[in-house]
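# the sequence and its predicted three-dimensional model are supplied below.
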Amino acid sequence: MPGFAPFQPGAGHGPAQVSLRPAAPGDVEAVQEIQRRAGRPAHPDAYRRAVENPDRCVLVAQCPSQAGDPIIVGWAQTYHHTAVVDAAPTGHYLGGVTVDPSWRRQGVALALTAARVQWVADRADEVFYVVNPRNLASIELHRRWYFEEVMRSSRLTGIEFSGGVGILMRASLAEQVPRR
């Protein structure tokens, strides 16, 4: 399915040397290119606003290129949902995580998710995310933080789901130790 990583348990290529840093406005072009290569829509103006918003965590993942220079291979964000627009509760949410297809299964999404969960844990006792039920790779990735299904709906946090339904997932952050 375009846009989602294929669900391939145990198909990892081994961990990459991943370093994370806060995204900067100059990273928007690289983020757009990652979105394009992953078959996902790009929203450069929204990325610029997110990077400049102190209530959000926007990260880029870098790995060394063959020449040894750092290249951006993935990115992810959080958002603070403060206005009730549908059945989804207010709170901190993990937004999308996108990894360049050639860098998948190397620990990039895991590193980005761990850092975002920690960022939220420094601010709140719980974290949410919404996911298409067909995105099995994302659901499996988030299991290590004990995310549990809260509800299903055709619209969550203002997002209309392709296929007609999305899942709201929640994890308590009190004294949590992620699964391996």
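Sure thing, it's come through.

# ranges for the helices of the chain?
28-37, 44-51, 108-121, 136-143 (DSSP state H).

# for Val85, which of these is the nearest?
When the helices of the chain are compared by C-beta to C-beta, helix 44-51 sits nearest Val85, at 16.6 Å. Using the backbone N, CA and C atoms, a C-beta is placed for each residue, glycine as well.

# which other residues reach the closest one?
22-25, 27-29, 31-32, 56, 58, 77, 79 (C-beta atoms under 8 Å, 6 or more residues apart in numbering).

# can you check what angle separates that helix from helix 28-37?
120 degrees (axes from the mean of the first three to the mean of the last three C-alpha atoms, to 10 degrees).

# quick one: mean pLDDT over helix 44-51.
For helix 44-51, the mean pLDDT works out to 92.

# if you average pLDDT over stretch 151-165, what comes out?
89.

# how about stretch 75-85?
Here the average pLDDT along stretch 75-85 is 93.

# stretch 90-105 now?
For stretch 90-105, mean pLDDT rounds to 93.

# what count of nearby residues applies to Asp125?
The number of residues packed near Asp125 is 12, by other C-beta atoms under 10 Å.

# returning to what we had before: nearest to Val73, out of the helices of the chain?
Once these are compared by C-beta to C-beta, helix 108-121 is nearest, at 5.8 Å.

# most widely separated two among the contacts of helix 44-51?
Checking the contacts of helix 44-51 with C-beta to C-beta, the most distant pair is Glu29 and Tyr79, at 21.5 Å.
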